[in-house]
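Asker: Structure of the sequence below:
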Amino acid sequence: MRRERTDHTLQATALVHEAYMQLVDQTRVTWQSRAHFFGVAAQLMRRILVDHARSQNALKRGGDAQKISLDDSIGLAAGPPVAFDELDEALNRLEQLDPNQAKIIELRFFGGLTVEEVSEVIGLSTATIEREWRMAKAWLHNQLTAARPPAKN
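Answerer: Prediction:
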């Protein structure tokens, strides 16, 4: 959230509060480990952000696409912002191809975890996480830039 635009209507505190409310409402979940908790929390934050963006994009609200700014951790800093729904669709496609890479992106971007923390959550070495992170970023960059119209000169 710290990399979001300043006029973003969902503040970090509200995001964490909403995620917390949904986490404590999980009466049927038996937390298996810290990793399990962080995985579910990152996924909830992703869903909350995507749902918020979609509600803001509704025609009754003007239909303007809410854009997010992805930092160089995703590899798209130089280009125009990416809409949450485009990112979500790309992550869903990545999940079909490689669930581990999609989970790494989700944990790093939405959960804010470090490579070491992701390694602990997923149960793979940091070297493997770094390698998968680079490949997932490249794939995601390709998917998101291919969907954009060419820049006008």
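Asker: Only C-alpha atoms from now on, for both contacts and neighbour counts.
Answerer: Will do.
Asker: which residues of this protein fall in helices?
Answerer: For the chain, helices defined by DSSP state H occupy the ranges 12-24, 34-56, 84-97, 99-105, 115-122, 126-146.
Asker: among these, which gets the worst mean confidence?
Answerer: Ranked by mean pLDDT, these end with helix 12-24 in last place, scoring a mean of 73.
Asker: burial count for residue 24?
Answerer: 9 (other CA atoms under 10 Å).
Asker: can you check residue 22 too?
Answerer: The tally of other residues near residue 22 (other CA under 10 Å) stands at 14.
Asker: do you know how far it is from residue 54?
Answerer: 19 Å (CA to CA, to the nearest Å).
Asker: Just name the most buried of the helices of the chain.
Answerer: Highest mean neighbour count of those: helix 99-105, a mean of 21 (counted as mean count of other CA atoms under 10 Å).
Asker: Show me what that helix is packed up against.
Answerer: With contacts defined as 3 or more CA pairs under 8 Å, 6 or more residues apart in numbering; DSSP states H and E, helix 99-105 has these neighbours: helix 84-97, helix 126-146.
Asker: hmm, who's touching it?
Answerer: Applying CA atoms under 8 Å, 6 or more residues apart in numbering, the contact partners of helix 99-105 are 39, 91-92, 94-95, 118, 129, 132-133, 135-137.
Asker: what do you get if the cut-off is 6 Å, keeping everything else the same?
Answerer: Contact with helix 99-105 is made by 94-95, 132, 136, as judged by CA atoms under 6 Å, 6 or more residues apart in numbering.
Asker: Repeat that for stretch 86-94.
Answerer: Residues contacting stretch 86-94 (CA under 6 Å, 6+ apart): residue 102.
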